[in-house]
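Engineer: What follows is a predicted protein model with its sequence.
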Amino acid sequence: MMAAESVPPIPPTRSAATPREFFEAVLYAFDRASTTGAEPKTLHYSIADRALELRLASRALAPVLTRAFEHLRAANDFAPDLTIHAWDSASTGVEMLPPPRAFETHIARGEIPGLNGEGIRAAYQLEAGALSMLDEETGRAIFWTRDAAALPYYEASAPLRTILHWWLGEQGRQLVHAGAVGLPDGGALLLGKGGSGKSTTALACLASDLMYASDDYCAVAADPVPTVFSIYATAKKNRADRVSIRFLELLENAPDKREDFAETSHGKTVYFLYREFPRKIIIRFPLRAILIPRITGKPETTLRRASGGAGLLALAPSTTLQLPAADGNSFELMAEIVRQVPNYYLDLGTDLSSIPQVILKLLQG
Amino acid sequence: MSPGARYRVNSPKVIHQTVDDEAIIINLDTGNYYSLNASGTALWNLLSTGMTLEEVGRSLSNRYDAEPIAINETVENLVDQLQKEELLIPAAIDGVPPTPGSLPAAATVKSALETPVLSKYTDMQELITLDPIHEVDEAGWPSQKR
């Protein structure tokens, strides 16, 4: 840790600072934040076969930014492909620099005019009050928020999503809005927007031989073979829906489990699954099928073939429209994925135990 | 519409891919997304190469068993829809030269012309809704009212 007096002062940014000038100035602010309190924490992860280093100047950020990645912890014996510098102003006392130019009256998908370019990407999440930046050329990234304690609950279920979306895209991977379950020799993506049964399907598989990779966001690669990578070992459900997953409700209410396992806010619960189900979390598998869950109200779960177009329709819009700067390249990779594997509608039955059995039979057939 | 008119995809705000004879199109500005059936996809792919409407009509005549007048009407109806949805714009409207396409060979057995269907989905519009910035903090970063 650098002594406070040896950290250079944050250089002033003129109003027309370039994206790269602003990025470097913000990194100075991170260095200052690293000197103000408890020793910074550095953690290492293997994410989609790439090495990531997370440097936290604010210990207050640890519960929000790290619990979802616990299953991906790695030894510190390789040079990182990406280093993320994260801090908040409330716990460090170090404020963010002013933006180089004033914001417009509206902000679309978090994209910040004037801060993207020269190999720099930047986005601002209005509800979270959080800035994400990535230097594509040097493999450095920044995450800042005003107050770690004020981050919305859902940030803990899929933290650093914007940075990882950009960075994984540069690595031939694509962060997608999808659930994923499977076995080491093959698995399936679960596609659909909120309410389609994606999360329920993924969670129901915890009570079977299937392993769990995702319920909301995971990464995919098309080359050399379609592959799924787990990024977040979490699940997110409305409080009323969790009763359908009985064992989750029992665990959530167990006094010794609650703090580590689930976090509830505004009627929604985020489950951190790795601590409770470490052997049920799978980090990667070859993609064998795409499943589009549909709620039918019938007792039994069944499968029927779907077109690749239906698969792309279920996958691409929700991914592309939610992530800043998702574009034609993202879309092309997703199209390549759905072309290479069979697509099915998974007509969900009310008997949840039948869901993983149908998926298992498909994967093992 | 003029037979010599050419069109192009309204990129970069419109992105598209075709899988299994079905085109999936996303308008990144509006948040609307679309699918086209097989005949619509065939038409979309011809139009997006910059062929003139006349060339598109002849290509369809080579492939489908239908009267020229029916084909022309089909083409114009779809072009009209695609323009209204801002998915297609006249080519070279901004000086970008169109990429000329080539006519595929005539099919030995022509199939019946299915009416192109453009299905529109608006359920994700709220994902790209512009968030109004009501206030900013002392440093100038937006903060949302709670």
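Structural biologist: That came in fine, so what should we check first?
Engineer: Going by C-alpha atoms from here, please, whenever you check contacts or count neighbours.
Structural biologist: Noted.
Engineer: name the element B:T41 belongs to?
Structural biologist: helix B:38-47 (DSSP states H and E).
Engineer: okay, and the helix or strand of chain B with the least pLDDT?
Structural biologist: Across the helices and strands of chain B, mean confidence by mean pLDDT, DSSP states H and E is lowest for strand B:131-132: a mean of 62.
Engineer: Would you mind naming what in the stretch 201-350 of chain A lies close to chain B?
Structural biologist: Residues of the stretch 201-350 of chain A found near chain B, taking Cα under 8 Å from any Cα of the partner chain as the criterion, are A:307-309, A:312-313, A:317-318, A:321-322, A:327-328, A:331-332, A:335, A:338-339.
Engineer: if we can go back for a sec, quickly check: the helix holding B:T41 near chain A or not.
Structural biologist: No - Helix B:38-47 lies apart from chain A when judged by Cα under 8 Å from any Cα; the minimum separation is 10.6 Å.
Engineer: Among the residues of the stretch 201-350 of chain A next to chain B, which are located in strands?
Structural biologist: Among these, the subset assigned to strands under DSSP state E is empty.
Engineer: Name the member of these with the most neighbours.
Structural biologist: Using other Cα atoms under 10 Å in any protein chain shown as the neighbour definition, those reach their maximum at A:L312, which records 27 neighbours.
Engineer: How confident was the prediction at that residue?
Structural biologist: Looking at A:L312, its pLDDT is 97.
Engineer: what's the spacing between it and A:A180?
Structural biologist: Counting by Cα to Cα, to the nearest Å, the gap from A:L312 to A:A180 is 16 Å.
Engineer: Can you pull out the low-pLDDT segments for chain B?
Structural biologist: With pLDDT under 70 as the threshold, chain B has low-confidence stretches at B:93-108, B:128-134, B:144-146.
Engineer: Remind me what the longest helix along it packs against, helices and strands.
Structural biologist: In terms of residue count, the longest helix belonging to chain B (DSSP state H) is helix B:68-84. For helix B:68-84, the packing partners by 3 or more Cα pairs under 8 Å, 6 or more residues apart in numbering or on different chains; DSSP states H and E come out as helix B:53-63, strand B:88-90.
Engineer: hmm, try it at 10 Å
Structural biologist: Helices and strands touching helix B:68-84, as assessed by 3 or more Cα pairs under 10 Å, 6 or more residues apart in numbering or on different chains; DSSP states H and E, comprise strand B:7-9, helix B:38-47, helix B:53-63, strand B:88-90, strand B:118-121.
Engineer: Residues touching it, excluding its own?
Structural biologist: Helix B:68-84 has contacts (Cα atoms under 10 Å, 6 or more residues apart in numbering or on different chains) with B:1-3, B:7, B:9-10, B:40, B:43-44, B:47, B:53-54, B:56-61, B:64-65, B:85-90, B:113-118.
Engineer: Longest strand in chain A, please.
Structural biologist: Here the longest strand in chain A is taken by residue count, with DSSP E as the criterion, and it is strand A:284-295.
Engineer: Can I get it in CSV, CA atoms only?
Structural biologist: In CSV, the C-alpha atoms belonging to strand A:284-295 read as follows (Å, rounded to 0.1, in the frame of the first residue of the first chain):
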residue,chain,number,x,y,z
ARG,A,284,-18.2,-24.5,-17.9
PHE,A,285,-19.6,-27.1,-20.2
PRO,A,286,-20.1,-27.7,-23.9
LEU,A,287,-23.4,-26.4,-25.1
ARG,A,288,-25.7,-29.2,-26.4
ALA,A,289,-29.1,-27.6,-26.5
ILE,A,290,-31.0,-24.3,-26.3
LEU,A,291,-34.2,-24.5,-24.2
ILE,A,292,-36.9,-21.8,-24.3
PRO,A,293,-39.0,-22.3,-21.1
ARG,A,294,-42.8,-21.7,-21.4
ILE,A,295,-45.2,-21.9,-18.5
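Engineer: What strands flank it, and is each parallel or antiparallel?
Structural biologist: The strands beside strand A:284-295 in its sheet (DSSP bridges) come out as strand A:186-190 (parallel), strand A:227-230 (antiparallel), strand A:343-348 (parallel).
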